[in-house]
Each structure stands twice: as structure tokens, then as C-alpha cells.
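Novice: Okay, here's the prediction I keep looking at, along with the sequence it came from:
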Amino acid sequence: MDINPILLLAALMVASTPILLAAIGELVVERAGVLNLGVEGMMITGAVCGYIVGHGTENPYFGFVGAAFAGAALSFVFAALTQFLLTNQVATGLGLTMFGLGLASLIGQGATGSSDLIVGKLNLPIISDIPVIGRILFQHDPIVYVSLLLVAGTWWFLSKSRAGLILRAVGENHDAAHALGYNVRLMRVLAILFGGACAGLAGSYISLVRVPQWIDGITSGAGWIALAIVVFASWNPWRLIAGAYLFGGVTVLQLNLQAEGLKIPTEYLSMAPYLATILVLVVIRAGRAPGSLGKSFHPSS
Amino acid sequence: MFKLEKRPQPSKVWTFGAPILAVVLTIILGMGLFAILGKDPILATKVIFWDPLFGEFADLDRPDVIKKAAPLILIAIGLSFGFRAGIWNIGAEGQYIIGAITGAALALSFYPMEARWLIFPLTILFGALGGLVWAMIPALLRVYFKTNEILVSLMLVYVAEVLIKAMAIGALRDPDGFGMPGSRDLRRFASAANPDLITGSGIHLGVVAALLSVVAAYIALTRHQFGFDVRLAGQSPRAAAFSGVNPSRLILVCMAISGALAGLAGVFEVTGPSGKILGSFPTYYGFTAIIVAFLGRLHPVGILLAGILLALTYIGGNLAEQSLGLPAAAIKCFQGLLLFSLLGVDLLTNYRIKLRSKGKAQ
């Protein structure tokens, strides 16, 4: 067996990025007190839209932006239903996933693109050339760093900014936040749109960088794993990175083991990310969820 | 401006009216979707909803509608108990697949013995048990480790999908199949086959089981302590706790019912309509059944009607694909739209919409 640990760790960062992107969006949504189970649907819609826009314009960055808009647009359906028509968030989120999966395969019919659309690596002077560390950390495409910056930005926003404080208040106790004069619905709609944009971007990273191709059902549960990671991280942005990289690691390792032709049949190896998710949910005792998570808000006064 | 006012009690009229309005709304939205896809919207709607039941070749389509409706109803009935009590088993698709695997595995282990009186009941029992065991994983983890049953049951769907592919090319592969993937055809194994009771009618034992489940669920829900506990736990968990409902037991029982019924649906499907364990066996029934459960307002009779309606979209969708070239994915979108409109329209059941008078506004 010769799995190169350096390449493995480098591949791990790429494999983790879509999960991390989707999870950071969902984290903000959940901190605002909303449970959106539609991540998988928004991700796959982002994947197909990003693929088509990216190949149509021959610029992957337009693809990423287009995917973020597509994800946000789809999440607006969820926002309208849950915030203004007060629908059950679990059921609406499930509906969003089913609708998104259908919509994506509808849009993606016959979607083709040249395979030579390459997202450039960010080659930084000096630090990219550091042996080992440079290869693992500093020779990736820009979106990898965008995802890490988003985590840092989210941490700053939630814990240091006034708007972040209001968002957390809305998520902890929407009645109290409403009584203080904050606009609960507006805050939640904005959070949901941010979550949708992140999920869309995450999907396009899969179809434009990680695979890179459009295949029906390409996200294969990544959106659900992102939801699990938010629980694993106890709604803390920094812990998301650990969670996402852990799952990225399991995925990459299992792919490498498949390539190595181990005695274990490949089918059983590809179960690993899902089983690891369950295992982690069992082992890690999650922190306290936001107080108003999943409850509908109706300003009754 | 409009103002929402919470009704003291859910409206009786809208409890029945909302699903009907939702269906009408979805058909209108669906016609928009078909028009965008460049298909004649009225013709497409007719092909999907009218032709399978009353069209020229309806005699061939009606049995198919029945065959599709049975598993949807069976699974949705199981889910309805948990959904009422706030227990979200959304991994029914996985339990359905595992039920098919365990049932088929048992039947094939007896091949080619001829003893229908023994093998057939055992096959069905093993299918139900397989689904039940698969559902017990998220249930026990929820009870003992407080893990989220939504995520665990869903992860197990992906595991089940991998497992059935592995079975089709591994342990359950037909030894006389010249290396092709897929198990022996159970329809040709008389001891385990689940054929139509009247040839060509589409009514196999799974359909009978689905109807029985509707009756049993109705009795449990309206005449039995268990149904009362489920409804109470859904409406007010605190009140349920004071009345002596054990929440852990409720989780286990609700998950067991939904798992066993999903497993039953799987084993009836693999011994009847589909016949083989194959990589393409997963059919999305487990997810569509969630829509069925909500569209039927979690009520047994409603689920019966909703199951037939969604079966119709499958068969009608197939017809529209063949005759009009409507993509199959459009039907999935359509089903998602149905759930959206249903949930949205439900607002009318619990709230009154009032025009805000000018004097009172701000």
C-alpha cells in the first residue's frame, strides 16, 4: 500500500470544501432559529446551475455566482412558506429537497460542457513552495480559501457585530426579540437567503471543481452530511472546520482505499461517509441548540 | 394590508378543503411548468390525471395505478403515526429497501424448495422484520444517545442503496444469470411469488395489506389508547407526559410501525411487481410516501386517497413521457410543488385572514 499522505491531506481540503460551505450557511440559518432541511435540494440546484452558467460563459467564477443566486432563489421559496405562510419547517425543508432534486435533473437534461474548464490554483509566491505544508495548504483553488474566510467572517459576525447579536437573539427567543422591537421575520429571511447562497455555491464547487462534471444526483447526500456537521459543531463556526475536514478525510481515505484495491469490496467502502456521520452524531454530545430552532413565529400582538 | 388571526380551533371546512385547494393549485402551477417545457399544458394534464383512469387504454393502466398506490399507502400509514407525534422517520426509503433484501434473501435461501405454506409467510415476515430492524437503529440511537432521528434515518437510506447494489452483484446474484447483476426472479419461484390475485387486476397481497393497514390505522387512531397517546404527544408533549405517556416507548413503537410497514412494502414489491433484487430497485416510494402522508393530512382515509393520486402522477407521468416527451424529472418537481402548496394552503386551516381596517392600521 502506498497512499501518499501529503496528497491525501491536500485532497482532503478539496473534498471537505463543499460540505463546509453548505454547513456554514446552514449554521447561520439555524442560529436565527430556522431549521432548513432543504440543503441537499439547494446544493444540487446550485450544482447544475453553476455547471451550465460556468460552461456557458466559459468562466467558472460566473458559474459560482450563478449557483449562489440559484441557491438563494430556491431558499426564498422556503423563506416565503415558513416565515409568511407559517408552514412546518421540517416538512417544508423536505419538500424543498425533493423539489430541488427534481428541478436539478430537469434543468440538467442534456447539460453538457467541455471538460477543460479549469479553475486555476492560487499559487502564492514563497508559501506555496514550502515543502509538504505548501502542497497541503497553499496550492488550492480560491474557493477553498473563500470557504475558510466565510467561517472566520461568520464567527466575527455572530460574536462581534451588533447585527449578529440580533440574529442570535432572534434564534434564542423570537418572542423576546420581537418585544424588543427587532424584525424577526426580516432577520430570518436574510439568514435563509444566505444559507441558500452558500448551499448553491457548495453545489457548484462539486460540479465545477471536485468532480468536475454534471451527473444526476451528484451531491449524493452531501447536503445532509452538512446538516449533521452543524449539530456536531454545536452551532460553533470554528468547530465546523473540524467536522467538515473529518468527513472530507473519511471520503478521501475511502476513495484511496478503493483505488488501492483492498480486499473490502468498494461498495462497502462507499458506505463509510454515511456510517461515519452516524457514528459522530452518537459519540459527540451536541451542545445546546438555539432556543427557538424550528418553531414558527407569528407576531400575534 | 392583510392580517392573520389565529383560529381558536382548526377550521373544519378547511381541514377538508385545504388538500383539495392544494391539488387544484398544484395543477395550475404544474400547467405553468409544462408550458415552460413547451408542452401543451391542458393535454399534459389530461394525459397525467385523466388517461390512466378513463382514457382509451385505461384497462392496462388502472392495474399499474393500484400497484403503485399500494406501497405508497402502506409506507405513508406507517409514517403518519410518527409524524403526528413529532417523530420524523424520513428514512422509509431505506427501510423499504432493506425489507426487500431480507425478504428476498430468506426466499432465495429456500430455492428451489416447494412449500408455499411455509416459505411465503416467512418471506413476508422477514421483509417486515428487516424494515423494523433498520428503523430501530435511528430509534434506539435517539432514545439512548439523543441523536437526531431525521439525520440518522436519512444516512441509512444511502447505506441501504449501497447495500442493495452490493447484494445484486454479490451474495444474492442469480447463480444461473451468466454473471449479470440481479437476483433470481422471485415471480418465477412459486413458493415465494406474490402474483396478482386475479390475473391482470393489479391486486396482489400487498394491495390487500395496504387496505388492511388503512383500517387498522383508523381503528388505532380513533378507538385505541395508542392513537390517543400519539395525538396527545403531537399536540402537547407536556400534557402527554403528565398523562403518563412514556416518550421513549412512543418513539420506539412509532418507528417500529413505520419501519415494519415500509419493510412490508419492500418485500411485496420484490416478490411481486419488480421480482428481482437489482441496483435499480430503489424507487423513491419512501420519499413520495412523505408527500402522501401530508396530503392525506396524516389521516388513514386521506392517505388512501392521496396514495392513489400520487400513484396517478407516476403512471400518468410515464404516459406523458412516452406520448408527449415530458421529462420524468418534471413529475418529481410536480410532486414537490404539491407538498409546497399543501403546506402553504394549510395556513387557512389554522388562521383567519382579515383585511386590516384603516383605523387600526399602525
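Specialist: Received, thanks.
Novice: Roughly how far does residue A:25 sit from chain B?
Specialist: Relative to chain B, residue A:25 is positioned 17 Å away (criterion: CB to the nearest CB, to the nearest Å). C-betas here are computed from N, CA, C, even on glycine.
Novice: what's the burial count for that residue?
Specialist: Close neighbours of residue A:25, defined as other CB atoms under 10 Å in any protein chain shown, add up to 34.
Novice: okay but it is in contact with residue A:197, surely?
Specialist: Yes. If you go by CB atoms under 8 Å, residue A:25 and residue A:197 touch, sitting 6.8 Å apart.
Novice: pLDDT of the longest helix along chain B, averaged?
Specialist: Scanning chain B for the longest helix, with DSSP state H as the assignment, gives helix B:116-145. Averaging pLDDT along helix B:116-145 yields 94.
Novice: Just to be sure, residue B:179 is in a helix?
Specialist: No. Assigned with DSSP: H, G, I helix; E, B strand; the rest coil, residue B:179 falls outside any helix and is coil.
Novice: The host helix or strand of residue B:164 packs against which elements?
Specialist: In this assignment (DSSP states H and E), residue B:164 forms part of helix B:149-169. Using 3 or more CB pairs under 8 Å, 6 or more residues apart in numbering or on different chains; DSSP states H and E, the elements in contact with helix B:149-169 are helix A:222-232, helix A:266-269, helix A:272-283, helix B:92-110, helix B:116-145.
Novice: got the CA positions of it in CSV?
Specialist: Provided in CSV are the C-alpha atoms of helix B:149-169 (Å, rounded to 0.1, in the frame of the first residue of the first chain):
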residue,chain,number,x,y,z
GLU,B,149,-33.5,10.6,14.1
ILE,B,150,-34.0,12.7,10.9
LEU,B,151,-30.3,12.6,10.0
VAL,B,152,-29.6,9.0,11.1
SER,B,153,-32.6,7.6,9.3
LEU,B,154,-31.6,9.5,6.2
MET,B,155,-28.0,8.4,6.3
LEU,B,156,-29.3,4.8,6.5
VAL,B,157,-31.1,5.4,3.1
TYR,B,158,-27.7,5.9,1.4
VAL,B,159,-26.3,2.9,3.2
ALA,B,160,-29.3,0.8,2.1
GLU,B,161,-28.9,1.9,-1.5
VAL,B,162,-25.2,0.9,-1.5
LEU,B,163,-26.2,-2.4,0.2
ILE,B,164,-28.7,-3.4,-2.4
LYS,B,165,-26.3,-2.7,-5.2
ALA,B,166,-23.7,-4.9,-3.4
MET,B,167,-26.3,-7.6,-3.0
ALA,B,168,-27.3,-7.5,-6.7
ILE,B,169,-23.7,-8.3,-7.7
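Novice: pLDDT of that helix, averaged?
Specialist: If you average the pLDDT over helix B:149-169, you get 92.
Novice: Give the next helix or strand downstream of that helix.
Specialist: Of the helices and strands lying after helix B:149-169 in sequence (DSSP H and E), the nearest is helix B:205-223.
Novice: Can you check what angle separates that following helix from helix B:116-145?
Specialist: 50 degrees (axes from the mean of the first three to the mean of the last three CA atoms, to 10 degrees).
Novice: Can you list the neighbours in contact with the helix or strand that comes right after helix B:205-223?
Specialist: Using DSSP H and E, the helix or strand that follows helix B:205-223 in sequence is helix B:225-235. Helix B:225-235 has contacts (CB atoms under 8 Å, 6 or more residues apart in numbering or on different chains) with B:81, B:84-86, B:220-221, B:239-240, B:243, B:245, B:247, B:250, B:253-254.
Novice: Checking my notes, residue B:353 in a strand, right?
Specialist: Yes. Counting by three-state DSSP, residue B:353 is located in a strand.
Novice: what's the spacing between the closest residue in space to it that isn't next to it in sequence and chain A?
Specialist: Nearest non-adjacent residue to residue B:353, counting by CB to CB, 6 or more residues apart in numbering or on different chains: residue B:2, 5.5 Å away. Distance, residue B:2 to chain A, using CB to the nearest CB: 10 Å.
Novice: same deal with residue B:325?
Specialist: With CB to the nearest CB as the criterion, residue B:325 and chain A are 11 Å apart.
Novice: got a pLDDT number for that residue?
Specialist: On the pLDDT scale, residue B:325 is placed at 88.
Novice: Contact partners for the most centrally placed residue in chain B?
Specialist: Central residue check for chain B by CA atoms, centre = their mean: the C-alpha nearest the mean position is that of residue B:289, 2.3 Å away. Contacts for residue B:289 (CB under 8 Å, 6+ apart) come out as B:71-72, B:75-76, B:79, B:92, B:262, B:307.
Novice: ok, now with 6 Å
Specialist: Counting by CB atoms under 6 Å, 6 or more residues apart in numbering or on different chains, residue B:289 touches B:72, B:75-76, B:92.
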